[in-house]
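Student: Structure of the sequence below:
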Amino acid sequence: MARNAEYNPKRFAAVIMRIRRPKTTALIFASGKMVITGARSEDRSKYAARKYARIIQKIGFSTSFNEFKLQNIVGSCDVKFAIRLEGLALDHSKFSSYEPELFPGLIYRMAKPKVVLLIFVSGKVVLTGAKDRQDIYDAFESIFPVLMEFKKS
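Tutor: Numbering: from 1, shown residues only. Reported below is the predicted structural model:
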């Protein structure tokens with residue numbers, strides 16, 4: 001086992017490995033599949049995946065690097081104004097879920113692009129579930145006029 005790895009099968013069915021550059025975490029499953037989290041870009045994600053594969057190879061496992069794909073791109077921003085979440089939830093009830101006693105943000109499930117947004121009263125927005133970077137940009141461009149409409153005065 002590598003020194004930057006932990007494995008507790010009672011807690012989670014994968015080896016958890018971390019590297020510093022790029023600062024990422026890998027979940028390595030018995031099937032040979034690997035999930036990388038924490039990379040700041042698509043390129044860094046692929047670079048990290050190659051690095052993990054090399055580490056696994058060095059400790060004696062045969063590895064091949066194939067079928068790399070991005071599954072979930074996350075973005076975040078601050079629109080710098082407060083948002084009336086109750087009004088947004090009412091007017092966009094088809095896409096929104098807002099239960100402040102359970103979670104402080106409004107969950108907005110956009111259909112096209114298929115992205116989920118977490119929108120907070122403070123104006124902070126988290127966009128997740130995108131398959132490529134352009135989906136994040138398109139989702140933000142689509143939601144921004146809606147957020148302006150529900151800007152707290």
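Student: Quick one: mean pLDDT over stretch 111-130.
Tutor: Mean pLDDT, stretch 111-130: 97.
Student: Now do that stretch: distance to the chain's middle.
Tutor: The chain centre lies 11 Å from the centre of stretch 111-130; the measure is Cα atoms, centre = their mean, to the nearest Å.
Student: Stretch 62-82 now?
Tutor: Distance of stretch 62-82 from the chain centroid (Cα atoms, centre = their mean) equals 5 Å.
Student: same question, stretch 84-101
Tutor: Centre to centre, stretch against its chain (Cα atoms, centre = their mean), the figure for stretch 84-101 is 22 Å.
Student: which residues of this structure fall in strands?
Tutor: Counting by DSSP state E, the segments of the chain that form strands are 5-6, 14-19, 24-29, 34-37, 73-78, 96-97, 106-110, 115-119, 124-130.
Student: in this protein, which spans are helices?
Tutor: Listed in chain order, the helices found in the chain under DSSP state H are 42-58, 85-91, 133-149.
Student: Any chance of these in CSV with mean pLDDT as columns?
Tutor: Converted to CSV, these look like this (pLDDT from 0 to 100):
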stretch, mean pLDDT
helix 42-58, 94
helix 85-91, 97
helix 133-149, 97
